[in-house]
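# Predicted model follows, preceded by the sequence.
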Amino acid sequence: MPQFPKDSWKDYSLLDSGRGMKLERFGSYVLERPEPKALWEPTMSRAEWDRLVHTVFAPGAGFGRAGKEDSGTWERRRTMPDQWHISYPGEGFGLDLRLGLTAFKHVGVFPEQAPNWEYIYSNTKALPGTPKVLNLFAYTGAASLAAKAAGADVTHLDSVRQVVTWARGNMESTGLEGIHWVVEDAMKFASREVKRGHVYQGIILDPPSYGHGPDGEKWKLDECLFDMLRMVSALLDPEHGWMVLNLYSNGYSAALGETVVREAFGLKDYTGITSGELALRDGFGKVLPLSIYVRLNR
């Protein structure tokens with residue numbers, strides 16, 4: 001069964017979806033963005049979408065390249081700011097997240113990740129002492145904040161300095177402090193941590209399909225994921241530890257994710273591994289699956 005954000009999250013809702021688009025409300029503002037997995041027809045009419053929407057993402061224009069659906073420009077339909085904040089009410093914690101209209105259709109938060117934030121908080125809270133948590137490919141840091149709110153010593157790594165600065169702002173607005181910020185290639189950092197003999201009680205990975213490190217290092221999920229997970233297996237505490245792997249790449253299934261984790265960790269079976277889909281449900285009950293997760297508990 002897919003996991004969904006809880007209904008009590010009042011600052012976010014997926015209003016409708018279809019024809020490769022999704023209509024979402026973030027706080028007071030309604031955005032229309034491309035979503036290739038929305039293969040069905042919208043429930044509301046075009047006129048209803050136009051009546052609600054504040055801004056529409058237009059692919060392939062401005063900063064983007066023609067035909068590339070994840071880059072483009074925002075076309076304002078109603079007045080709204082370039083940046084604004086929303087709150088997330090977790091079970092035992094709360095997040096204050098700054099959103100912004102970027103040139104790559106993203107706004108600084110992936111709402112379907114909320115079940116992972118809950119998992120990270122509760123499993124970190126259950127560990128003794130002050131657990132160490134490493135967040136690789138950490139983006140704007142909601143997962144890092146969930147771990148920090150649970151009392152962890154958190155290292156947050158991303159290869160893009162601007163999003164690390166964004167994450168730091170989210171930490172400050174949430175009222176937290178003390179996260180360790182790293183701008184580096186994830187593979188290089190993990191390799192050095194293995195050589196240093198460092199161990200973490202929690203590790204989070206949300207790798208892209210393709211990417212580049214700050215010095216031009218190339219990341220390709222199909223080629224690099226297994227090697228990365230082998231390093232993660234050496235970094236994760238063998239007695240008291242958990243790992244969350246999230247994958248957005250089309251063609252990856254939960255079963256594939258379970259198998260690559262089992263093999264990378266050298267496990268005899270699938271004990272301690274759980275997996276599934278993260279999804280959103282729109283206002284008319286249509287389920288939009290967006291990513292798969294694999295979780296490992298030791």
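Received the coordinates, thanks.

# any idea how far residue 99 is from residue 236?
32 Å (C-beta to C-beta, to the nearest Å). (Each C-beta comes from the backbone N, C-alpha and C, glycine too.)

# and what of residue 290?
Residue 290 is 18 Å from residue 99, by C-beta to C-beta.

# The stretch 101-250 of the chain: helices as residue ranges?
114-125, 142-149, 161-174, 186-196, 221-235 (DSSP state H, counting those that start in this stretch).

# chain center to the shortest one: distance?
For helix 142-149, the separation from the chain centroid amounts to 12 Å (computed by C-alpha atoms, centre = their mean, to the nearest Å).

# what comes into contact with that helix?
88, 90, 92-95, 97, 109, 113, 116-118, 120-121, 124, 133, 135, 138, 154, 156, 167, 170-171, 174, 176, 178-179, 202, 204, 206, 244 (C-beta atoms under 8 Å, 6 or more residues apart in numbering).

# And what about the residue of the chain most remote from its centre, helix, strand or coil?
For the chain, the C-alpha farthest from the mean C-alpha position belongs to residue 47; by C-alpha atoms, centre = their mean, that distance is 31.8 Å. With DSSP: H, G, I helix; E, B strand; the rest coil as the basis, residue 47 sits in helix.

# Low-confidence regions, this structure specifically.
61-69 (pLDDT under 70).

# What is the strand ranked longest in it packed up against?
In the chain, taking DSSP state E as the definition, the longest strand is strand 287-297. Secondary-structure packing of strand 287-297 (3 or more C-beta pairs under 8 Å, 6 or more residues apart in numbering; DSSP states H and E): helix 114-125, strand 242-247, helix 254-265, strand 273-281.

# swap the cut-off to 7 Å and go again
Judged by 3 or more C-beta pairs under 7 Å, 6 or more residues apart in numbering; DSSP states H and E, strand 287-297 is in contact with strand 242-247, helix 254-265, strand 273-281.

# starting at the chain centroid, how far to that strand?
11 Å.

# tell me the angle that strand makes with strand 273-281.
Put simply, strand 287-297 runs at 160 degrees to strand 273-281, going by axes from the mean of the first three to the mean of the last three C-alpha atoms, to 10 degrees.

# Could you export strand 287-297 as PDB, CA atoms only?
Extracted as PDB, the C-alpha positions of strand 287-297 are listed here (Å, rounded to 0.1, in the frame of the first residue of the first chain):
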ATOM      1  CA  VAL A 287      -3.900   8.400  -6.200                       C
ATOM      2  CA  LEU A 288      -0.700   9.800  -7.800                       C
ATOM      3  CA  PRO A 289       2.400   7.600  -7.000                       C
ATOM      4  CA  LEU A 290       5.600   9.600  -7.100                       C
ATOM      5  CA  SER A 291       8.500   7.600  -5.600                       C
ATOM      6  CA  ILE A 292       9.500   4.400  -4.000                       C
ATOM      7  CA  TYR A 293      11.200   4.000  -0.600                       C
ATOM      8  CA  VAL A 294      13.300   1.300   1.000                       C
ATOM      9  CA  ARG A 295      13.900   1.300   4.700                       C
ATOM     10  CA  LEU A 296      16.300  -0.800   6.600                       C
ATOM     11  CA  ASN A 297      16.300  -1.300  10.400                       C
END
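
# how about the strands of the stretch 1-150 of the chain, start to end?
In the stretch 1-150 of the chain, the strands defined using DSSP state E, counting those that start in this stretch lie at 12-18, 21-26, 29-34, 55-59, 72-76, 83-89, 94-100, 132-136.

# Redo those strands as CSV? Include mean neighbour count and distance to residue 263.
CSV is the format used below for the strands of the stretch 1-150 of the chain (neighbours: other C-beta atoms under 10 Å; distance: least, C-beta to C-beta, whole Å):
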stretch, mean neighbour count, distance to residue 263
strand 12-18, 21, 35
strand 21-26, 21, 35
strand 29-34, 20, 34
strand 55-59, 20, 37
strand 72-76, 17, 39
strand 83-89, 17, 34
strand 94-100, 19, 34
strand 132-136, 28, 19
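
# okay, those strands in a markdown table with distance to residue 258 next?
Output for the strands of the stretch 1-150 of the chain, formatted as a markdown table (distance: least, C-beta to C-beta, whole Å):
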| stretch | distance to residue 258 |
| --- | --- |
| strand 12-18 | 27 |
| strand 21-26 | 28 |
| strand 29-34 | 30 |
| strand 55-59 | 33 |
| strand 72-76 | 35 |
| strand 83-89 | 28 |
| strand 94-100 | 29 |
| strand 132-136 | 19 |
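
# Could you say which one of the helices of the stretch 101-250 of the chain comes nearest to residue 283?
helix 114-125 (17.2 Å; C-beta to C-beta).

# What helices and strands are in contact with the closest one?
Partner elements for helix 114-125 (3+ C-beta pairs under 7 Å, 6+ apart): helix 142-149, strand 202-205, strand 242-247.
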